[in-house]
Every structure is written in C-alpha cells, then in structure tokens.
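Undergrad: got a predicted structure here, sequence first:
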Amino acid sequence: MEIELFYTPQTRSSRPRWLLEELGIPYTLRPVDLFGGEHNPAHPLGSVPAMRIDKDTMIESGAICHWLADRFPDKQLAPSMQSAQRARYEQWMFFTPGTLEPPAFEILMHTGILPEKHRVPDIVGFAKKQHQRVLRVLTKELDHDGYLLGEHFSCADILLGTTLTWLPEQLESFSALKNYVERVTARPAYQRATQPV
C-alpha cells in the first residue's frame, strides 16, 4: 500500500500524521504551505488533509483516521465491531469534530485567523462559553490516568488530543484535561508527528 499525506503543520492534517506514526506504516509526507497561500492539488477545495492511497484520494481528517484505524486492526487503535467498546469509540470519534471542534474553531477564527476587520468579538464570547461547557463534560470523562476508552489508547484520543492542543489557555481550570493532553502528547508517535517538515 502506497500512502501520501498532504500536510500543513498545526492543522487538522496533524491528526492523520500522528495516526500514521502510531501505526508505524510507511508513508510519504507532501508538505503544503497552506498559510502561505499554496493550494493542495490533491484536495477539491485546495485544503488539507488529503491522503492518496494507491492513487485514490481521501479527504476529511476524521474519515481518514477512521479508515486507517480500521484498516490495520492488528495495531489495536480501534475496537473491533464485535467489541463492547465499539459504540463508545464511535461516540468519541464523532464528538470531537461535531461538538468540541466548532466552538474552538470559532474562537480561533475570530481571535487570529480572520483579518482583524472581520472578527466579531460577540462570537468569541459565545464560543468560549460553549467551549467551556464541552470541556466540563470531557473533564468528567477523563478524570483518571487513562484515555477515552479507559486504559487503552485509541484513534479517538488522537482526534481529541490534537483538538485540545488548539487552545491551551482554555484548559487552565481543567486539570484533568491538562494532564490528559500531557499524557497523549508525550507519546513518541506524537513527538515524531510534530517534528518540523
């Protein structure tokens, strides 16, 4: 299997890069200077990530990670369909992009990504409240020394861990989440995945 990952640091493409490192399978990294105005030729919107698998292209970080984790069951980064943990795993795989990420991205958009004249302070205030509400739910789930599925690290932790690194200041009053982020980002695969290209 030939895998190419089109990647820009500090974007959602960090998720599949981390997962590929956890899987320990060969892949080719194709850097895209998205913030410098470069368009990704492998993505219909010019964005990242995109992953070519034997010349077929896949987009969406969550979908890429979901597929990869299931494609390599021997790596045990996704519970099998027969596992009692599968439903919980699916829940957290969708919780991150569907519930945690939207308010976090609104904060980022209106505090740094958009030109200042297009930022809306009222959106930031509302998004921060929503984000804190989601973090309160997560801190109850992660008030232990493990991961989303208990003692077993999974692909769901990759999605969640990367997203929680976006706004470290938002975690100040959530010691369980700060500890969780420290645990997952200390993993050797994360360290390799965040090396400069």
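TA: Yes, it's here.

Undergrad: next, count neighbours for Thr28.
TA: A count of nearby residues for Thr28, using other CB atoms under 10 Å, gives 10. From N, CA and C alone the C-beta is placed, and that goes for glycine too.

Undergrad: flag every buried residue along the helix or strand encompassing Thr57.
TA: Here Thr57, judged by DSSP states H and E, is contained in strand 56-59. Neighbour-count burial for strand 56-59, counted by 16 or more other CB atoms under 10 Å, picks out Ile59.

Undergrad: make 41 the starting number, not 1.
TA: Will do, 41 is the new start, and the previous item becomes strand 96-99.

Undergrad: tell me how far that strand lies from the chain's centre.
TA: 18 Å (CA atoms, centre = their mean, to the nearest Å).

Undergrad: for it, packing partners?
TA: Packing contacts for strand 96-99, counted by 3 or more CB pairs under 8 Å, 6 or more residues apart in numbering; DSSP states H and E, involve strand 90-93.

Undergrad: with just CA atoms, put the strand it packs on into PDB.
TA: These are the backbone C-alpha positions of strand 90-93, laid out as PDB (Å, rounded to 0.1, in the frame of the first residue of the first chain):
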ATOM      1  CA  ALA A  90      -5.800  14.800   1.700                       C
ATOM      2  CA  MET A  91      -4.400  11.300   1.600                       C
ATOM      3  CA  ARG A  92      -3.600   9.300  -1.500                       C
ATOM      4  CA  ILE A  93      -3.900   5.600  -1.100                       C
END
